[in-house]
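> give me a model of this one.
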Amino acid sequence: MNALKQYIDLYDQHRDAIEQQSPALLNTLRRLARERLEGARLPRKGSEDYEATDLEAVFGHDYGVNVNRLPFDADPAEAFHCDVPNMSTCLYYNSNDAFHSSATAERNIGQVVVEPFSMAAEDYPDLMKAYLGQLANMDDPTVALNSLLLQDGLFIYVPDGVVAERPIQLVNIFNAALDMMAQRRLLIIVGKNAAVKLLACDHTQSADYRYLSNQVIEIVAMQGATVDYYDMEESTPGTSRVSSIYVDQHEGSNVLIDGITLTNGFTRNNYHVEVNGEHAETQLLGMTIASGEQHVDSHTFISHNMPRCHSNEMFKYVLNDNAVGAFAGKILVKPSCPRVEAYQGNRNLCGAPTAKMYTKPQLEIYTDDVMCSHGSAVGQLDEEALFYMRTRGIGIDEARRLLMQAFVADVIDGVRLDALKDRLHYLVEKRFAGTLSNCSGCLAACRN
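So this is what the prediction gives:
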């Protein structure tokens, strides 16, 4: 079985239709992707860095692909009213595989550019040519498949010296009435001494179908740029997601990436950060709450290519029932890169004996005069703490919830948007209480 073959054959059969509806730059990238996919196979469970993950099985299902860019009946701006209370955002929607703006996206965005690739290829051809596909590694078959079938994406550009007045929020929604795979892509370029905060939310509106989101995000942080990228997933057991984030950091840049998985089916998150300038700061945070048969796998790589940089990485998992979690992280400090500070941590709670956690932290250092550490721990809730809380009149279920909330609090507290931080604490509380199960729960919460 080769799960990629069905999609390669689909492209070969519909090449003209796909390329006629895409910018020329995407078609150039597409032909390279087709070459890379020749003879490629997706990793199976047990292979290196995929110990707990079977991507061959994930992509093996016969998903529909919207080759002809047919419109869907649903208007996401009308059907979906997700928002973060007390936080005004420039709001955009990605319905299945097509972008839509909202009324809030059309006001006060100032000099910040947010537009589809089809427009950006004409408005900003030099930037698109210089950066699209330059970070994402097409030796990864999922990235190459994204490039092969992608027909549009979203371009976000913050010019030099511009500070975005409001956060940019992108809501990705699956609402098709059939099993479907969507190729989603973002190119984010933040100029010198510019700043922007972005929130991406993945939701599924129907539990009756199987969906797969194969997405690639490329982020370029120029000299002195500040970039916050928050990634929150609330989907259904029938939804799979493979997300690959690539970051290029220049001198003095400050990048924060915080990934939150609250509900899902299968998730594989890849993070690849290249620190290419001195005095750059990187924060890479992740939090997973999984139960039932949920599966969440995070693979991280931070490469320090210049001296005098700082990175801090922390991923936390809370697993119950038959949930499976996996973390594989590597920090690389290259030769002639002294004065690097790099810290990596992975902490995990297994609330049931049937929950499984795989963890593989790594450091690879080729220079002296550095401060680096890494560590991992897998355990259960503190029985003494539970006993203490019960002696104070707190029920066992409530005590467990409070301890689990405290365990993940520092990842949420890393959020640099107060309104979003408050909302995440609220959603996590609902998740541990069992009252946040899918997108409809979020809709109800956001209207309150």
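> excluding its backbone neighbours, what's nearest Ala52?
Ala326 (4.0 Å; C-beta to C-beta, 6 or more residues apart in numbering). For the C-beta atoms, the positions are set from N, CA and C on the backbone; glycine is no exception.
> now do the helix or strand the one you found falls within: which elements does it pack against?
Element membership of Ala326, judged by DSSP states H and E, is strand 324-333. Applying 3 or more C-beta pairs under 8 Å, 6 or more residues apart in numbering; DSSP states H and E, we find strand 324-333 packed against strand 281-290, strand 295-304, strand 310-319, strand 341-350, strand 356-365, strand 371-379.
> C-alpha coordinates for the shortest one, CSV please?
Presented in CSV, the C-alpha positions along strand 371-379 are these (Å, rounded to 0.1, in the frame of the first residue of the first chain):
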residue,chain,number,x,y,z
MET,A,371,23.9,26.8,28.7
CYS,A,372,21.6,24.0,27.5
SER,A,373,19.4,21.5,29.2
HIS,A,374,16.6,19.0,28.3
GLY,A,375,14.4,16.7,30.3
SER,A,376,11.3,14.6,30.1
ALA,A,377,8.9,13.1,32.7
VAL,A,378,5.8,10.9,32.6
GLY,A,379,3.8,10.5,35.7
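> in it, which residues are buried?
Cys372, His374, Ser376, Val378 (16 or more other C-beta atoms under 10 Å).
> before we move on, the earlier item: okay, angle between the strand holding Ala326 and strand 371-379 too, please.
170 degrees (axes from the mean of the first three to the mean of the last three C-alpha atoms, to 10 degrees).
> direction-wise, compare strand 324-333 with strand 341-350 and give the angle.
Going by the same axes, to 10 degrees, strand 324-333 makes 170 degrees with strand 341-350.
> and Val273, how far from Ser118?
29 Å (C-beta to C-beta, to the nearest Å).
> comparing those two, which residue is more hemmed in?
Val273 (25 against 16; other C-beta atoms under 10 Å).
> that one against Thr282, yeah?
Yes: using C-beta atoms under 8 Å, Val273 is in contact with Thr282, at 5.7 Å.
> so what sits against both of those two?
Jointly contacting Val273 and Thr282 under the rule C-beta atoms under 8 Å, 6 or more residues apart in numbering are Val247, Gln249, Val255, Ile302, Ser311.
> which of these sits closest to Gly265?
Val247 (26.4 Å; C-beta to C-beta).
> next, count neighbours for that closest one.
For Val247, using other C-beta under 10 Å, the count is 25.
> can I get the shared contacts of Val273 and Thr282 in TSV including pLDDT and distance to Val114?
Output for those, formatted as TSV (pLDDT from 0 to 100; distance: C-beta to C-beta, whole Å):
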residue	pLDDT	distance to Val114
Val247	98	19
Gln249	98	22
Val255	98	19
Ile302	98	28
Ser311	97	28
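> just the buried subset of these, please.
Neighbour-count burial (16+ other C-beta under 10 Å) is assigned, among the shared contacts of Val273 and Thr282, to Val247, Gln249, Val255, Ile302, Ser311.
> identify the residues contacting the closest residue to the second one other than its chain neighbours.
Leaving aside its chain neighbours, Gln249 sits nearest to Ala280 (4.5 Å; criterion: C-beta to C-beta, 6+ apart). Ala280 is in contact with Ala221, Gln249, His250, Glu251, Gly252, Ser253, Asn254, Val255, Met306, Cys309, His310, counting by C-beta under 8 Å, 6+ apart.
> residue ranges with poor pLDDT in the stretch 101-250 of the chain?
In the predicted model of the stretch 101-250 of the chain, residues 101-109 satisfy pLDDT under 70.
> all strands for it, in order.
Applying DSSP state E, counting those that start in this stretch to the stretch 101-250 of the chain gives strands spanning 113-116, 154-158, 168-174, 180-190, 195-204, 211-221, 226-234, 239-249.
> distance to Ala144 for those - can I get that in TSV?
Formatted as TSV, the strands of the stretch 101-250 of the chain follow (distance: least, C-beta to C-beta, whole Å):
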stretch	distance to Ala144
strand 113-116	22
strand 154-158	20
strand 168-174	21
strand 180-190	11
strand 195-204	22
strand 211-221	10
strand 226-234	22
strand 239-249	11
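> and these: which comes nearest Asp123?
Using C-beta to C-beta, these put strand 113-116 closest to Asp123, at 6.9 Å.
> now that closest one, how far from the chain's geometric center?
From the chain centre to the centre of strand 113-116 is a distance of 19 Å (C-alpha atoms, centre = their mean, to the nearest Å).
> likewise for stretch 204-215?
With C-alpha atoms, centre = their mean, you get 16 Å for stretch 204-215.
> tell me the contacts of Val428?
By C-beta under 8 Å, 6+ apart, the neighbours of Val428 are Leu262, Ile289, Gln405, Val408, Ile412.
> now the third one: how far from Leu284?
Meaning Gln405. 22 Å.
> between these two, who's got more neighbours?
More crowded of Gln405 and Leu284, by other C-beta under 10 Å: Leu284, with 26 against 17.
> partners of the closest residue to the more buried one other than its chain neighbours in the sheet?
Counting by C-beta to C-beta, 6+ apart, Leu284 lies nearest to Glu313, which is 4.4 Å off, once chain neighbours are set aside. Assessed by DSSP bridges, Glu313 has beta-bridge partners Leu284, Gln344.
> circling back: for Ala52, find the nearest of the helices and strands packed on strand 324-333.
Taking the helices and strands packed on strand 324-333 one by one with C-beta to C-beta, strand 356-365 is closest: 4.5 Å.
> average pLDDT across the closest one?
For strand 356-365, mean pLDDT is 94.
> mind listing residues that contact it?
49, 51-52, 317, 319, 323-333, 342, 344-346, 348, 350, 372-376, 378.
> how about the strands of the stretch 101-250 of the chain, which one is nearest Thr435?
strand 226-234 (12.7 Å).
> can you tell me the SS state at the residue lying closest to Ala433 once chain neighbours are set aside?
Among residues not flanking Ala433 along the chain, Arg401 sits closest, at 6.3 Å (C-beta to C-beta, 6+ apart). Arg401 falls in the helix class when you classify it by DSSP: H, G, I helix; E, B strand; the rest coil.
> thanks again, I'm all set now.
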